[in-house]
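K.L.:
just a sequence and a predicted model for now, questions to come.
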Amino acid sequence: MRKFTFLLLCALFLTGSMAWAQFDRGGAKTYESRYRHSAFFEVPFTTWEPYDIALGGSYRYVVNGNKFLGLFAGFQGRPFGKKVLIYGGNNAFFQLKEYRYLLSAGLDKRWWLTERLDFFTAVGGGFTFVDYRGTGSGTYKGHTIQKKEGWVPVVKAGFHYKISRFFFARFGYEYFDPMSISSGHRVYAGTGMLLSINAFKKIEDSF
Amino acid sequence: MPLLISFVLLLAIMVGCQTDDECETAPFGCLQTAPGKGHLHVQLTINAANPSVPVKVFRGDFENNDLVEDTVVTGSRISFELPVDQYYSVVAEYLQADGDTVFAIDGDDIQVDENDYCEGTCFEVDDGRIDVELAFPKRSVLHRKNP
């Protein structure tokens, strides 16, 4: 319940802030309105115990360029089996190697600080699911493995730096409840590009 | 400068001479027939509460109940010789000091890799590796006891 209250507050903040006028720094509104599609490669990770890392990607569509408001959808997954502990009832636990995945979607908003740098927040929800090594979700000696899967809130915030007209980098914070051993608070790093013909031409020219 | 040009030319000739038809010599100890068995290496925890650990090996996921090995292990490593091209799961059963039980589960497959050389195909077994060592201190166990 606390998580959803937090999510609701974030959403209110995000929508409420849309009423604030933003200075059209460096033609940012034109830029947002003209280039509506972008894609990101993302790496959320922890540098503290329990160590964790995920690899993923997301797509962003600009809904309203004048208000810097976008929609995002993404997928991420842990690329290795991490040991987790799950209660199996009657004083028994399962220690499993877990591959965790997250499918998410939501709204995001950007606040331009300079011509190249902006602060962004993203709020949404997602479905997290798992794959355990050595088992689907079986019963062993009367104890059943209950897969830790379900709907979770997703929050991201940080700085977005425009490296060039087509390419950018992101760094900040991400939260989603992985429903098992780690806390869900992560460092978020990513890189992205506009999905425009000009951007692809730029890549082609560099080879 | 002439030395550099000579080096680049030499490199170009060497690269240019290589064709797709060239092949590598087979390594020493090349297996020319596909092996039928490989090893499943299992790592586990032996401590004061668990001087011996019951270990079960299943073909496929454990819930399929296709048991292939059932033993009690007293060392921290054990290997099982098993048929290749199969996925195996292992369940190790640990007791905690307060009477709780932890079933550590992991799975891996034993595969045969094929590599082509001048002398023919060499086969190599890619053994399975299982890690069912205990990973969590007791506080984590208590934290998740009543989720």
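P.N.:
Done, it's in.
K.L.:
which helices and strands sit right next to the lengthiest strand in chain B?
P.N.:
In chain B, assigned by DSSP state E, the strand with the most residues is strand B:101-117. When contacts are defined as 3 or more C-beta pairs under 8 Å, 6 or more residues apart in numbering or on different chains; DSSP states H and E, strand B:101-117 sits against strand A:92-112, strand B:37-43, strand B:86-95, strand B:120-126, strand B:128-131. In short, each C-beta sits where N, CA and C put it, glycine included.
K.L.:
ok, and what's touching the fourth one?
P.N.:
Read that as strand B:120-126. Strand B:120-126 is contacted from outside by B:26-27, B:30-35, B:38-39, B:84, B:110-116, using C-beta atoms under 8 Å, 6 or more residues apart in numbering or on different chains.
K.L.:
how about a cut-off of 7 Å?
P.N.:
B:26-27, B:30-35, B:38, B:84, B:110-115 (C-beta atoms under 7 Å, 6 or more residues apart in numbering or on different chains).
K.L.:
hang on, the earlier thing: buried ones in the longest strand of chain B?
P.N.:
Within strand B:101-117, the residues scored as buried using 16 or more other C-beta atoms under 10 Å in any protein chain shown are B:101-108, B:110.
K.L.:
that one pairs with which strands?
P.N.:
Sheet pairing of strand B:101-117 (DSSP bridges) gives strand A:92-112 (parallel), strand B:86-95 (antiparallel), strand B:120-126 (antiparallel).
K.L.:
mind putting those in a markdown table, mean neighbour count and distance to A:Lys201 included?
P.N.:
Shown next, in a markdown table, are the strands paired with strand B:101-117 (neighbours: other C-beta atoms under 10 Å in any protein chain shown; distance: least, C-beta to C-beta, whole Å):
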| stretch | mean neighbour count | distance to A:Lys201 |
| --- | --- | --- |
| strand A:92-112 | 21 | 25 |
| strand B:86-95 | 21 | 46 |
| strand B:120-126 | 15 | 43 |
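K.L.:
A:His37 is nearest to which of the ones you listed?
P.N.:
strand A:92-112 (13.8 Å; C-beta to C-beta).
K.L.:
mean confidence for the closest one?
P.N.:
Strand A:92-112 carries an average pLDDT of 94.
K.L.:
again with stretch B:134-147
P.N.:
Mean predicted lDDT for stretch B:134-147 stands at 54.
K.L.:
any idea how far the longest strand of chain B is from the chain center?
P.N.:
Taking C-alpha atoms, centre = their mean, to the nearest Å, one finds strand B:101-117 lying 4 Å from the centre of the chain it belongs to.
K.L.:
tilt between that strand and strand B:37-43?
P.N.:
Relative orientation of strand B:101-117 versus strand B:37-43 (axes from the mean of the first three to the mean of the last three C-alpha atoms, to 10 degrees): 140 degrees.
K.L.:
dump the residue contacts of the nearest residue to B:Phe62 once chain neighbours are set aside.
P.N.:
Among residues not flanking B:Phe62 along the chain, B:Ser89 sits closest, at 4.6 Å (C-beta to C-beta, 6 or more residues apart in numbering or on different chains). Neighbouring residues of B:Ser89 by C-beta under 7 Å, 6+ apart: A:134-135, B:58, B:60-62, B:105, B:107.
K.L.:
I'd like the mean pLDDT over the longest strand of chain B, please.
P.N.:
Mean predicted lDDT for strand B:101-117 stands at 94.
K.L.:
could you dump that strand to CSV, C-alpha only?
P.N.:
Taking Å, rounded to 0.1, in the frame of the first residue of the first chain, the C-alpha atoms of strand B:101-117 are listed here in CSV:
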residue,chain,number,x,y,z
THR,B,101,15.3,-26.2,6.7
VAL,B,102,16.8,-24.7,3.6
PHE,B,103,16.4,-26.5,0.3
ALA,B,104,19.1,-25.1,-2.1
ILE,B,105,18.3,-25.7,-5.7
ASP,B,106,20.3,-25.2,-8.9
GLY,B,107,20.3,-26.6,-12.4
ASP,B,108,22.6,-26.9,-15.4
ASP,B,109,23.1,-29.1,-18.4
ILE,B,110,25.9,-31.3,-19.6
GLN,B,111,26.5,-30.7,-23.3
VAL,B,112,28.8,-32.0,-26.1
ASP,B,113,30.4,-29.3,-28.3
GLU,B,114,31.6,-30.1,-31.8
ASN,B,115,34.5,-28.4,-33.5
ASP,B,116,35.7,-29.0,-37.0
TYR,B,117,39.5,-29.4,-37.7
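K.L.:
how about the residues of chain A by chain B?
P.N.:
Contact residues (C-beta under 7 Å from any C-beta of the partner chain) of chain A with chain B: A:83, A:85, A:87, A:91-97, A:133-136, A:138-140.
K.L.:
ok, back up a step: now render the strands paired with strand B:101-117 as a markdown table, adding distance to B:Pro51.
P.N.:
Formatted as a markdown table, the strands paired with strand B:101-117 follow (distance: least, C-beta to C-beta, whole Å):
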| stretch | distance to B:Pro51 |
| --- | --- |
| strand A:92-112 | 19 |
| strand B:86-95 | 10 |
| strand B:120-126 | 32 |
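K.L.:
A:Leu55 is nearest to which of those strands?
P.N.:
strand A:92-112 (10.6 Å).
K.L.:
pLDDT of the helix or strand just after the closest one, averaged?
P.N.:
Counting by DSSP states H and E, the next helix or strand C-terminal to strand A:92-112 is strand A:117-132. The average pLDDT for strand A:117-132 rounds to 94.
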